[in-house]
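K.L.:
With the sequence up front, the predicted model follows.
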Amino acid sequence: MTLLALRFLGGFAAEARGAPFDAFATDKVRALLAYLAIESPQSQRRSSLATLLWPDWDERSALSNLRKSLFRLRQALEAAGPGLADQALETTRNAVAFRAGAAEVDVLTFQS
């Protein structure tokens, strides 16, 4: 069974292990999840993500906001299911990736 089902076409909806959840702290956290899931399994540089989500902010502040948003994303995934954040996200000091096969993503299904 797929860990997550993510629906972005027609509105944002997320399910973890068959149960809907929406414990995302901000819209930026939702946007971060959507971008990482759609671009999976390609790793995204943190500096690129920060610039994408906070284009008008200086680099230091944008990276700080990204760290906070990644933390909040991990919290939302953990609230949906223990261990889910580690199963879905791969983070390093310089990059973030959504693991291939961690989610069924409607956009990717549509593209294929």
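P.N.:
Arrived safely, thanks for sending. Residues are numbered from 1 along each chain as shown.

K.L.:
can you map out the helices along the protein?
P.N.:
Counting by DSSP state H, the chain has helices at residues 27-38, 46-53, 59-80, 84-88, 106-111.

K.L.:
Serialize these to CSV and add fields for mean pLDDT.
P.N.:
Shown next, in CSV, are those (pLDDT from 0 to 100):
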stretch, mean pLDDT
helix 27-38, 96
helix 46-53, 98
helix 59-80, 97
helix 84-88, 94
helix 106-111, 93
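
K.L.:
quick one, which of those helices is nearest to residue 19?
P.N.:
Residue 19 lies closest, by C-beta to C-beta, to one member of the helices of the chain: helix 59-80, at 7.4 Å. In this view, the C-beta of every residue, glycine as well, is placed from N, C-alpha and C.

K.L.:
Okay, angle between the closest one and helix 27-38 too, please.
P.N.:
80 degrees (axes from the mean of the first three to the mean of the last three C-alpha atoms, to 10 degrees).

K.L.:
before we move on, back to that, got the helices of the chain as JSON lines, with distance to residue 18 and mean neighbour count columns?
P.N.:
Converted to JSON lines, the helices of the chain look like this (distance: least, C-beta to C-beta, whole Å; neighbours: other C-beta atoms under 10 Å):
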{"stretch": "helix 27-38", "distance to residue 18": "18", "mean neighbour count": "19"}
{"stretch": "helix 46-53", "distance to residue 18": "29", "mean neighbour count": "17"}
{"stretch": "helix 59-80", "distance to residue 18": "11", "mean neighbour count": "17"}
{"stretch": "helix 84-88", "distance to residue 18": "13", "mean neighbour count": "19"}
{"stretch": "helix 106-111", "distance to residue 18": "16", "mean neighbour count": "12"}
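
K.L.:
now the ones you listed in JSON lines, with distance to residue 13?
P.N.:
Shown next, in JSON lines, are those (distance: least, C-beta to C-beta, whole Å):
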{"stretch": "helix 27-38", "distance to residue 13": "10"}
{"stretch": "helix 46-53", "distance to residue 13": "21"}
{"stretch": "helix 59-80", "distance to residue 13": "13"}
{"stretch": "helix 84-88", "distance to residue 13": "16"}
{"stretch": "helix 106-111", "distance to residue 13": "9"}
